[in-house]
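Q: with the sequence up front, the predicted model follows.
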Amino acid sequence: MKTTIEIQDVLLDRAKRYAKSVGKPFRAVVEEGLRRILSERALPGAYAMPDASVGDPEASDPLEALSWQDLRAEIYGGSHSQ
């Protein structure tokens, strides 16, 4: 597809010289540049979960020793029949 864009003269000259030095058509250099910038934008940075910890991380977990039934009772506030 053909299109027309306005590019600063200095940038255009640099891009044309680069294309010539690497033996590529100017069009290929422009396409490569667009692909690079679009792929960078498409990849979000790694998300780091904020630390929302409470309490002492070295303390033992009081719920760890509970059975599934006891844990369910703790969650639902008493015995829970099925």
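A: Looks like it arrived, so ask away. All of these numbers come straight from a predicted model, not from anything done at the bench. Residues are numbered from 1 along each chain as shown.

Q: would you map the helices across the protein?
A: Assigned by DSSP state H, the helices in the chain fall at 9-22, 26-42, 68-76.

Q: of all those helices, which one is nearest residue 3?
A: helix 26-42 (10.0 Å; C-beta to C-beta). (Each C-beta comes from the backbone N, C-alpha and C, glycine too.)

Q: what lies in contact with that closest one?
A: Residues from elsewhere that reach helix 26-42 (C-beta atoms under 8 Å, 6 or more residues apart in numbering): 15, 16, 18, 19, 22, 24.

Q: so what's the residue count around the second one?
A: Residues contacting residue 16 under the criterion other C-beta atoms under 10 Å number 12.

Q: what's the neighbour count on the residue lying closest to it once chain neighbours are set aside?
A: Leaving aside its chain neighbours, residue 16 sits nearest to residue 26 (5.6 Å; criterion: C-beta to C-beta, 6 or more residues apart in numbering). The local packing of residue 26 (other C-beta under 10 Å) involves 14 other residues.

Q: between the helices of the chain, which one is nearest to residue 61?
A: Closest to residue 61 of these is helix 68-76 (C-beta to C-beta; 11.2 Å).

Q: a markdown table for the helices of the chain, including mean pLDDT and distance to residue 55?
A: Formatted as a markdown table, these follow (pLDDT from 0 to 100; distance: least, C-beta to C-beta, whole Å):
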| stretch | mean pLDDT | distance to residue 55 |
| --- | --- | --- |
| helix 9-22 | 96 | 57 |
| helix 26-42 | 89 | 40 |
| helix 68-76 | 90 | 17 |
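
Q: of all the ones you listed, which one is nearest residue 56?
A: helix 68-76 (19.9 Å).

Q: centroid-nearest residue for the chain?
A: Per C-alpha atoms, centre = their mean, the C-alpha nearest to the average position across the chain is that of residue 44, at 3.0 Å.

Q: quick one: that residue from residue 33, how far?
A: 21 Å (C-beta to C-beta, to the nearest Å).

Q: and residue 2, what does it touch?
A: Residue 2 neighbours (C-beta under 8 Å, 6+ apart): none.
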